[in-house]
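In: take a look and give me a structure for this.
(2 chains)
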Amino acid sequence: MNFVEIERDYIRSRILPDFEWMSYTRPTDHHPLEKPIDQCRVALITTSGAYLRGSQKPFSTTNKLGDDSFRIIPNDIDPKEVALAHPGYDTKRAMKDLDCVFPLALLNKLQGQGSIREAGPRHFSFMGYIPFPERLISERAPSVGEALLDDGVYLVILVPS
Amino acid sequence: MGLTTISISLVRETTLQLKPSRSLYIRHPFGLTLGDVGDSITHEDILRDCFRYASEELPAGTVIDLPYVWTKNDLRERQRRKEAH
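Out: Here you go, the predicted structure:
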């Protein structure tokens, strides 16, 4: 069995008997980058379960229905303020080096080197275990997309974990 | 006006099902998407690859296989068998 089958059966046997992966017949349209990358504002979307310790609620790691909420991570925060909550991987490793799953510091370093115009003013964090993604698709993701457009972002990099 | 998106993929099979607009497939473990703790060179190389491939003209749904492979141990294989976290 490949990973998709193993993971599906794991979720079905332990959590949700009727779980099935989403699938699409056509790819999402690609919007070409309108400017050279060094003239672009760039933002991150991470599914690492990143949140701000002390000021934001951690993602649920125990709800069998997952957690489709998201957290806004301002670009100007100290990465040390970020914590991780995710049931699908060992967060202890990435907590030693956040760039492994949420390259916030690295993106700002590359901004300083002129590789991009600048990092967006805010980034967006989800927790990747979302077995029922209907609300994510109809409400959460569009609202994040609108926020990114409001921020004048041209390129969004989606980083899973 | 619209957003250009580029997605990193750790699981080629699910990426082929979901068909994001453009993906970069990396054979790293879950939780070490851009590479090992402290491997800043690989982290930067991968982020720069995101910049590079976002700028290239390719059909929607293209999955690009990047050369990054986890060789440190069998963590990725064990995660894919649900034997490691």
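In: residues touching the closest residue to residue A:53 other than its chain neighbours, list them.
Out: Distances taken as CB to CB, 6 or more residues apart in numbering or on different chains put residue A:83 closest to residue A:53, at 4.1 Å, once the chain neighbours are dropped. Yep, even glycine has a C-beta here, placed from its N, CA and C like the rest. Listed by CB atoms under 8 Å, 6 or more residues apart in numbering or on different chains, the contact partners of residue A:83 are A:50-53, A:58, A:95.
In: could these go into TSV alongside neighbour count?
Out: Formatted as TSV, the entries for the contacts of residue A:83 read as follows, by neighbours: other CB atoms under 10 Å in any protein chain shown:
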residue	neighbour count
A:50	31
A:51	23
A:52	18
A:53	12
A:58	16
A:95	15
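In: would JSON lines of those with pLDDT and secondary structure be doable?
Out: Below are the contacts of residue A:83 laid out as JSON lines (pLDDT from 0 to 100; DSSP: H, G, I helix; E, B strand; the rest coil):
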{"residue": "A:50", "pLDDT": "98", "secondary structure": "strand"}
{"residue": "A:51", "pLDDT": "98", "secondary structure": "strand"}
{"residue": "A:52", "pLDDT": "98", "secondary structure": "strand"}
{"residue": "A:53", "pLDDT": "97", "secondary structure": "coil"}
{"residue": "A:58", "pLDDT": "98", "secondary structure": "coil"}
{"residue": "A:95", "pLDDT": "98", "secondary structure": "helix"}
